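> Below is the structure, and that's it, no one-letter string:
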């Protein structure tokens, strides 16, 4: 049995053999955004981000040519993301300013999801992804702490001094890393990837919660609390309402989920209503009033003003205010309009549908997706940028869907029975 497990660990979501060099390159690609979000102040880091992705794509393509077939992973997400990229291309043509910067952002977005949806399922299974991605994020966070004393602090971003950020540029950016470690640990045990809690897992939970508190990021602390509640609901559902063949049990499970959403939504509404509009705006560091001001200045909210880098707007630049537009949804509505927001919703529904074959994994994927969507209320790193939250959600959806059969293999010419003699490094 151990031999079977070891063999399974060497297979990706597409059933291909996993190559160590591919994994190492993907880990390096994952760490480039952490490098971009840091205080290293080194220009042209995008070269590494695009370059590593190009190497991975080249290796996959050459391997496919050798075997005379091409593998399309995450097939169920092709049409939604063609829609996403098509609309972004339209908005790029309408970019009102900083066209060259907007073009770079467009390619960043393209590279991010090409790697997460097309390349990652050919390197990882869902189990190997969760376990190994947690190690990569933990390494990035610990490295940031050790490097922090040797780097000059960044002072060009509002709120940078509200909590610990270590070598990252802002506490909210730093908080993404312990939040992802915490979420992955919950998902690992909720889905049964690991059957027993080991000392390293307990250490990850404690370390993530302590460092998350040190950042002082109210958004991520709130998300961690809500994610814990959702996980507890999943535990209760799978423990006591696991009879999938009973319609009454299914109805009770749906009712429990709706009740959880209603309770959380009602609690948030009561808190916000008791604080008043000015109190809420102050609690969110003036984000809401500035967001309203920016949206009211837009000439067209249906189509948007055109593609802009995340946080950018035509009302006030970063040097004037100290920060750009905060929040994923404000960025989407302002730049891509209500059409772009609707396409985003379609993509999120497609993510969730990709995981529906496995009910347990689908439920815990919903926790990760909900965390990313909540993070988007005040921050723009999920979806728009190659953040740890983006990678967690996108690769989980891609690997789960691909393992469930959402993939396409296209044969090219006659299939040779002879083994290819040409070998690639790491293959």
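Yep, it's here. Please read all numbers here as calculations on a predicted model, not as lab measurements.

> Every contact and neighbour count from this point should use C-alpha atoms.
Noted.

> Let me see the contact set for residue 260.
Contact analysis of residue 260 by CA atoms under 8 Å, 6 or more residues apart in numbering lists 230, 233.

> secondary structure element for it?
Assigned by DSSP states H and E, residue 260 belongs to helix 247-283.

> Same question for residue 34.
helix 20-36.

> Flag every buried residue along that helix.
By neighbour count on 16 or more other CA atoms under 10 Å, the buried set for helix 20-36 is 22-23, 26-36.

> packing partners for that helix?
Judged by 3 or more CA pairs under 8 Å, 6 or more residues apart in numbering; DSSP states H and E, the packing partners of helix 20-36 are helix 46-67, helix 126-147.

> Off-centre distance for the first one?
Between the centre of helix 46-67 and the centre of its chain there are 21 Å (CA atoms, centre = their mean, to the nearest Å).

> Paired strands for the next helix or strand after that helix, with orientation please.
For helix 46-67, the succeeding helix or strand toward the C-terminus, using DSSP H and E, is strand 69-72. Strand 69-72 pairs in its sheet with strand 408-411 (antiparallel), by DSSP bridges.

> average pLDDT for the strand it pairs with?
Mean pLDDT, computed over strand 408-411, is 88.

> sec struct for residue 208, please.
helix (DSSP: H, G, I helix; E, B strand; the rest coil).

> again with residue 366
Three-state call for residue 366 (three-state DSSP): helix.

> any idea which helix or strand carries the closest residue to it other than its chain neighbours?
In space, residue 366 comes closest to residue 352 once its chain neighbours are excluded; the distance is 7.1 Å by CA to CA, 6 or more residues apart in numbering. For residue 352, the host element (DSSP H and E) is helix 328-354.

> same for that helix, what does it pack against?
In terms of contacts (3+ CA pairs under 8 Å, 6+ apart), helix 328-354 is packed against helix 78-93, helix 287-297, helix 359-375, helix 388-403.

> Next, the angle helix 287-297 makes with it.
Counting by axes from the mean of the first three to the mean of the last three CA atoms, to 10 degrees, helix 328-354 lies at 100 degrees to helix 287-297.

> Report the inter-axis angle for helix 328-354 versus helix 359-375.
Inter-element angle recorded for helix 328-354 and helix 359-375: 170 degrees (by the same axes, to 10 degrees).

> Helix 328-354: how far from the chain's middle?
Here the centre of helix 328-354 is set off from its chain's centre by 14 Å, with CA atoms, centre = their mean.

> mind listing what's buried in that helix?
Buried-residue list, helix 328-354, by 16+ other CA under 10 Å: 328-341, 343-344, 347-348, 350-352, 354.

> coming back round to it: determine which stretch of the helices and strands packed on helix 20-36 is the most buried.
Highest mean neighbour count of the helices and strands packed on helix 20-36: helix 126-147, a mean of 18 (counted as mean count of other CA atoms under 10 Å).

> Can you list the low-confidence ranges for the stretch 301-427 of the chain?
Applying pLDDT under 70 to the stretch 301-427 of the chain flags residues 317-324, 413-427.

> let's see it at 50
Regions of the stretch 301-427 of the chain meeting the criterion pLDDT under 50 cover residues 322, 416-417, 419-427.

> which parts of the strand or helix carrying residue 179 are buried?
According to DSSP H and E, residue 179 maps onto helix 171-190. In terms of neighbour count (16+ other CA under 10 Å), helix 171-190 has its buried residues at 171-188, 190.

> Stretch 219-227 now?
Under the neighbour-count criterion of 16+ other CA under 10 Å, stretch 219-227 has 219-221, 223-224, 226-227 buried.

> Show me which of those residues is closest to residue 78.
residue 227 (28.9 Å; CA to CA).

> still on that earlier bit, okay, the angle between the helix holding residue 34 and helix 46-67?
Orientation of helix 20-36 against helix 46-67 (the same axes, to 10 degrees) gives an angle of 160 degrees.

> Identify the residues contacting helix 20-36?
With contact meaning CA under 8 Å, 6+ apart, helix 20-36 is reached by 45, 48-49, 52-53, 56, 120, 123, 136, 140, 168, 386-388, 425-427.

> Now with 7 Å, please.
45, 49, 52, 56, 123, 136, 386-387, 426 (CA atoms under 7 Å, 6 or more residues apart in numbering).

> what's the answer for stretch 95-114, then?
By CA under 7 Å, 6+ apart, stretch 95-114 touches 50, 53, 92, 305-309, 384-386.

> Can you tell me which of the residues you listed has the most neighbours?
residue 307 (32 neighbours; other CA atoms under 10 Å).

> Can you classify that residue by secondary structure?
What three-state DSSP gives for residue 307 is coil.

> For it, grab phi and psi.
Here the main-chain torsion angles of residue 307 (degrees, to the nearest 10) amount to phi -70, psi 130.

> residues in contact with it?
Counted by CA under 7 Å, 6+ apart, residue 307 has contacts 88, 91-92, 94-95, 102, 335-336.

> tell me the two of those residues that are most distant?
Across the contacts of residue 307, no pair lies farther apart than 102 and 336, at 12.4 Å, counting by CA to CA.

> ok, how many other residues are close to residue 293?
Using other CA under 10 Å, residue 293 has 12 neighbouring residues.

> ok, now how distant is residue 96 from residue 291?
For residue 96, the distance to residue 291 equals 19 Å [CA to CA, to the nearest Å].

> Repeat that for residue 103.
24 Å.

> Equivalent analysis for residue 400, please.
From residue 400 to residue 291 the distance is 36 Å (CA to CA).
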